[in-house]
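**Q** Next one to model:
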Amino acid sequence: MKQYQPNVEEIKDEYLDAVLRVVFRLREEEQIRAIMEQTDWEQTEEEKAQARAEWERIVEKYEKMQEDKRKKERGAALRRCVKHFFRAVACALVILAIAAPVAIATVEPLRASVMKLLIDIQEDHTELRLVEIDEPAIEIPEGWTGIYYPTYIPEGFKVEELSKSFCSVTYRSDSGGVIYFSEYDKETSVNINSEN
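**A** All right, here's what the predicted structure looks like:
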């Protein structure tokens, strides 16, 4: 991903502008002091109040200009962040679009189900369309209360025992094979007899 590179010329220009503003302000203050020293007059309270009000108006205008400048800079930074965010999301979507078919293609039951949904092969042509499947892709025993369940059980295995309170199921085959599936939450600890 390309990193943001500051524009050196813009930074130099902003720096020179700031220096010139300071120099001009100092020059103006020197001129005002010189004029005030040359004139020998007293300001009335009304004139002092007007001068203060004028000075406050100038300061307020300057602060507003600075705030507008900061808002523009924040807006530009936000636009850059949003642009980078959308690029990252687009990359993630591309990776997902590439990886999802690969993941589906490697799992046999999912691949068979997808093929049934997408392809209808006839003698003289092949038609791509959605096909309604009557039987469910995964048979979940009645009374299962867990969130997860195995998506594939080998042929020959039948449900021997289903525990609703512990979210566990035991499959057994005629040849003596056993598949035990159980679902636990993060607070559960499990002890397994490893003897024999």
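
**Q** average pLDDT for the host helix or strand of Leu162?
**A** Element membership of Leu162, judged by DSSP states H and E, is strand 157-163. Strand 157-163 shows an average pLDDT of 88 in the prediction.

**Q** In the strand or helix carrying Tyr15, which residues are buried?
**A** In this structure, Tyr15 sits in helix 8-38 according to DSSP H and E. Of all the residues in helix 8-38, not one is buried under the rule 16 or more other Cβ atoms under 10 Å. All C-beta atoms are positioned from the backbone trio N, CA, C, and that covers glycine.

**Q** next helix or strand past that helix?
**A** helix 45-106.

**Q** Give me the packing partners of that next one, helices and strands only.
**A** Applying 3 or more Cβ pairs under 8 Å, 6 or more residues apart in numbering; DSSP states H and E, one finds that helix 45-106 makes contact with helix 108-118.

**Q** low-confidence ranges in the protein?
**A** Counting by pLDDT under 70, the chain has low-confidence residues at 1-5, 38-43, 99-121, 127-138, 196.

**Q** The same query, at a cut-off of 50, please.
**A** Applying pLDDT under 50 to the chain flags residues 131-132.

**Q** So what's the gap between the helix holding Tyr15 and the chain middle?
**A** 46 Å (Cα atoms, centre = their mean, to the nearest Å).

**Q** which ones are touching Thr144?
**A** For residue 144 the amino acid is Trp, not Thr. Residues near Trp144 by Cβ atoms under 8 Å, 6 or more residues apart in numbering: 162, 164, 167, 169.

**Q** that older thread, show me the contact partners of the strand holding Leu162.
**A** For strand 157-163, the external contacting residues (Cβ under 8 Å, 6+ apart) are 141, 143-144, 168-173, 177, 179.

**Q** what about 6 Å?
**A** Where contact means Cβ atoms under 6 Å, 6 or more residues apart in numbering, the residues beyond strand 157-163 that reach it are 141, 169-173, 179.

**Q** of these, closest to Gln122?
**A** When those are compared for distance to Gln122 (Cβ to Cβ), Pro141 wins out at 36.9 Å.

**Q** The closest one should be in a strand, yeah?
**A** No. Read with DSSP: H, G, I helix; E, B strand; the rest coil, Pro141 is coil and lies in no strand.

**Q** OK, contacts around it?
**A** 159, 162 are the contacts of Pro141 under Cβ under 6 Å, 6+ apart.

**Q** hmm, try it at 7 Å
**A** 159, 162, 169 (Cβ atoms under 7 Å, 6 or more residues apart in numbering).

**Q** Torsion angles phi and psi at it?
**A** phi -60, psi 150 (degrees, to the nearest 10).

**Q** From Tyr148, how far off is it?
**A** Distance, Pro141 to Tyr148, by Cβ to Cβ, to the nearest Å: 13 Å.

**Q** Neighbour-wise, give me the winner out of the contacts of strand 157-163.
**A** Counting neighbours by other Cβ atoms under 10 Å, Val169 leads the contacts of strand 157-163 with 24 neighbours.
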